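> here are the coordinates; sequence isn't available:
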Ligand code: NAP
């Protein structure tokens, strides 16, 4: 068994408020555990409303100086933080695998991906352009300014412990806002490590604050405190709905990056090898625990057997085990609830007539490991009445069904309340455009199983939320537009 000790990684486990490391006022803490072994790795502060208020007040105090800095000054600090992340990449990656479980090669990839959002924002902040608009009067001028919003709260999930933070922090800070970050309870240490590096990079106290603890108390303070002008949330649609209701009281600006249920269509003219490679990348990254991971496979009947056999062959090469093993591609699921959900999706599918081609159950990971490792699973015979066809599975399970025509495939794909990512494979250029336009999703991978990148707008439609992260589009999420009507005097 591979045991990594937190002390080897030199990680701060207290909260960051106004440039100081603090505990909860009443001294309470909660345990963070390694999902692979269930072993406790750290205690972190169980903070609530009072500490969150301190963090919001610190961010509000830091805002006037931060927003008045030039874009180049803000950008150089963001670039310094990105650089520090890359210099500490191995340490941060090991920490991520320890608290989240993902294979170490994926953790290294996520650190680079996370740093890329800071680098992108560092540059994009210089292009936060305003406008002049021709007026309807000789003695008037119309100016449009883009200004910071104020204190931004970022609430993030456990599945990408670093990237989901920097995807918000980078553009929010580049636009001149200050931030309070609330990471998920399963993965607070990666967030605190980022806070530590931000201090080393030279960010002024209060510009970045990190609070861990009771989500309800922290959330209520965030939405109840009028100094918070924007909340950016990434997480489940269920919690997104709760936050949307809370935002109504003070009409707080929101971005919601919520759950997905991605369809993956393979047309009869597809390059099947490429489709298999795309399916592997989309389905099995992070053991299937990504918001953009393919959850429903629709394969043309004439290509079905070739694709299914190719996918099963590729899946047979996946090694399941502890994320610290360099040869492992499938780590543990995050917790026992996740295991219960994945198991129930598989048994429900079988009860509704599906059959298992490969996998279908927990995989043995060896002595000392928790029962959290699910075998890569391929299911034939997906139908609309199965839970797996309607709910996010968040596990390494690929359910397949055959279709006969393009319209049917599009209808099957769009038959979901979610609208985050969709994928399809075809070699027909006309079909490519037609299907890309018809899919009711915010992100479409056309012959591409891995579309996420810092310079492109990432986000959903329907119940997958609203707002975009990444690309130049994200800068609108973190800035206000102000129209100045300038009278020059005279007639
Ligand atoms: P989650 O349960 O919704 O939690 C997300 C965050 O919200 C956590 O920090 C959680 O804190 C916090 N939270 C929960 N209840 C809250 C409340 N009442 N007030 C304020 N904060 C609250 O989601 P998750 O299980 O961590 O992440 C998985 C989900 O995220 C999946 O649905 C996935 O699709 C989605 N996701 C979406 C994207 C995207 O870009 N669209 C990206 C990644 C993940 P605690 O951890 O302390 O409970």
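In hand now; what should we look at? Every value quoted in this text rests on a predicted model; they were computed, and no experiment measured them. Residues are numbered from 1 along each chain as shown.
> how many neighbours does residue 182 have?
Residues near residue 182, counting by other CB atoms under 10 Å, number 26. Quick note: C-beta positions are derived from backbone N, CA and C, even for glycine.
> so what's residue 32 closest to, chain neighbours aside?
Counting by CB to CB, 6 or more residues apart in numbering, residue 42 is the residue found nearest to residue 32 once chain neighbours are left out, at 4.7 Å.
> quick check, that neighbour in a helix?
No: counting by DSSP: H, G, I helix; E, B strand; the rest coil, residue 42 is located in no helix; its state is strand.
> the ligand versus that one, what's the distance?
The gap separating residue 42 from the ligand is 15 Å, by CB to the nearest ligand atom, to the nearest Å.
> wouldn't residue 457 be in contact with residue 467 here?
No: the pair residue 457 and residue 467 does not pass the contact test of CB atoms under 8 Å, sitting 9.6 Å apart.
> okay, these two: which has more neighbours?
For residue 457 against residue 467, the residue with the higher neighbour count under other CB under 10 Å is residue 467, and the figures read 23 against 16.
> with residue 343 as the reference, measure out to that one.
Look at residue 467 and residue 343: by CB to CB, to the nearest Å, they are 33 Å apart.
> then residue 182?
Relative to residue 343, and taking CB to CB, residue 182 is found at 30 Å.
> quick one, what contacts the residue lying closest to residue 175 once chain neighbours are set aside?
Closest residue to residue 175 apart from its sequence neighbours, by CB to CB, 6+ apart: residue 478 at 4.2 Å. Residue 478 makes contact with 148, 149, 152, 171, 172, 174, 175, 177, 230 under the criterion CB atoms under 8 Å, 6 or more residues apart in numbering.
> quick check, pLDDT for residue 478.
With respect to pLDDT, residue 478 scores 98.
> what's the answer for the one 10 residues further on, then?
According to the per-residue confidence, residue 488 scores 97 in pLDDT.
> tell me how many other residues crowd the closest residue to it other than its chain neighbours.
Using CB to CB, 6+ apart and skipping the chain neighbours, the partner closest in space to residue 488 is residue 139 (4.6 Å). A count of nearby residues for residue 139, using other CB under 10 Å, gives 11.
> over to residue 86?
Neighbours of residue 86 under the rule other CB under 10 Å: 16.
> where's it, which helix or strand?
Secondary structure assignment for residue 86, by DSSP states H and E: helix 71-87.
> can you check residue 482 too?
Here residue 482 sits within strand 479-487, counting by DSSP H and E.
> any buried residues in that strand, and which?
When burial is assessed from 16 or more other CB atoms under 10 Å, strand 479-487 yields the following buried residues: residue 479.
> what of stretch 302-321?
Counting neighbours by 16+ other CB under 10 Å, the buried set in stretch 302-321 is 303-304, 306-308, 310-312, 314-315, 318, 320-321.
> kindly reformat those residues as JSON lines containing secondary structure.
Output for the buried residues of stretch 302-321, formatted as JSON lines (three-state DSSP):
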{"residue": "303", "secondary structure": "coil"}
{"residue": "304", "secondary structure": "helix"}
{"residue": "306", "secondary structure": "helix"}
{"residue": "307", "secondary structure": "helix"}
{"residue": "308", "secondary structure": "helix"}
{"residue": "310", "secondary structure": "helix"}
{"residue": "311", "secondary structure": "helix"}
{"residue": "312", "secondary structure": "helix"}
{"residue": "314", "secondary structure": "helix"}
{"residue": "315", "secondary structure": "helix"}
{"residue": "318", "secondary structure": "coil"}
{"residue": "320", "secondary structure": "strand"}
{"residue": "321", "secondary structure": "coil"}
